[in-house]
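A.B. asks: just a sequence and a predicted model for now, questions to come.
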Amino acid sequence: MADGQAIRAGSLQQPVNLIEIAGRSKTKAKAAKAGETSFKQMFSEEMAHDRNVTFSRHAQERLYSRGLELSEKNLDDLAGAIDRAQTKGSKETLVLTDDAAFVVAPQNRTVVTVFDRENLRDGVVTSIDSAVIL
């Protein structure tokens, strides 16, 4: 994360919204009907695809409801953490960052859920077999 700032798309200066990736099939269907795809949608999909990281519907909803944005560096770090967990044979991994915690399934590179720091302090994370601290 470059000085805590979210990724910006060119001169538009709008944060990349990874939650849009969740509704790929819905968005693609709408875009097909409209005959066009927005730059923002294409850029978000490419970012996640390049890193081969998928966000479950639940994780996307948590990102949105908790107001969390992922920078390009955050996404790179998350992908690296997933790589490390995969090499160790992990099934459910907690990835801790400065701003958030992610529960991921490394075998299919899917983020299952997301916690911001405030929600993480109040809860207990269960059903994990490993943790990666970034």
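C.D. replies: It's in.
A.B. asks: where along this structure do the helices fall?
C.D. replies: 19-22, 24-34, 39-51, 57-65, 72-87, 117-122 (DSSP state H).
A.B. asks: quick one: low-confidence parts of this structure?
C.D. replies: Scanning the chain with the threshold set as pLDDT under 70 gives 1-51.
A.B. asks: residues near Ser65, how many?
C.D. replies: A count of neighbours around Ser65, defined by other Cβ atoms under 10 Å, yields 11. Heads up, the C-betas are built off the backbone N, CA and C, glycines and all.
A.B. asks: apologies, that question was intended for Thr87.
C.D. replies: 9.
A.B. asks: now do it against Thr113, distance only.
C.D. replies: Distance, Thr87 to Thr113, using Cβ to Cβ, to the nearest Å: 23 Å.
A.B. asks: now swap in Glu61 and tell me
C.D. replies: 9 Å.
A.B. asks: surely Ile128 touches Leu94?
C.D. replies: Yes - here Ile128 lies in contact with Leu94, judged by Cβ atoms under 8 Å, at a distance of 4.8 Å.
A.B. asks: which one's more surrounded, these two?
C.D. replies: Neighbour totals were compared for Ile128 and Leu94, and Leu94 leads with 21 against 15 (other Cβ under 10 Å).
A.B. asks: how many other residues sit next to the closest residue to that one other than its chain neighbours?
C.D. replies: In space, and not counting its chain neighbours, Leu94 is closest to Ala131: 4.4 Å by Cβ to Cβ, 6 or more residues apart in numbering. Residues lying near Ala131 (other Cβ under 10 Å) number 15.
A.B. asks: okay, stretch 76-84 in PDB with CA atoms only?
C.D. replies: The C-alpha trace of stretch 76-84 is given here as PDB (Å, rounded to 0.1, in the frame of the first residue of the first chain):
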ATOM      1  CA  ASP A  76       0.000  -8.300  -4.000                       C
ATOM      2  CA  ASP A  77       0.700  -9.000  -0.300                       C
ATOM      3  CA  LEU A  78      -2.500 -11.000   0.000                       C
ATOM      4  CA  ALA A  79      -1.600 -13.100  -3.100                       C
ATOM      5  CA  GLY A  80       1.900 -13.700  -1.700                       C
ATOM      6  CA  ALA A  81       0.500 -14.800   1.700                       C
ATOM      7  CA  ILE A  82      -1.800 -17.200  -0.200                       C
ATOM      8  CA  ASP A  83       1.200 -18.600  -2.100                       C
ATOM      9  CA  ARG A  84       3.100 -19.200   1.200                       C
END
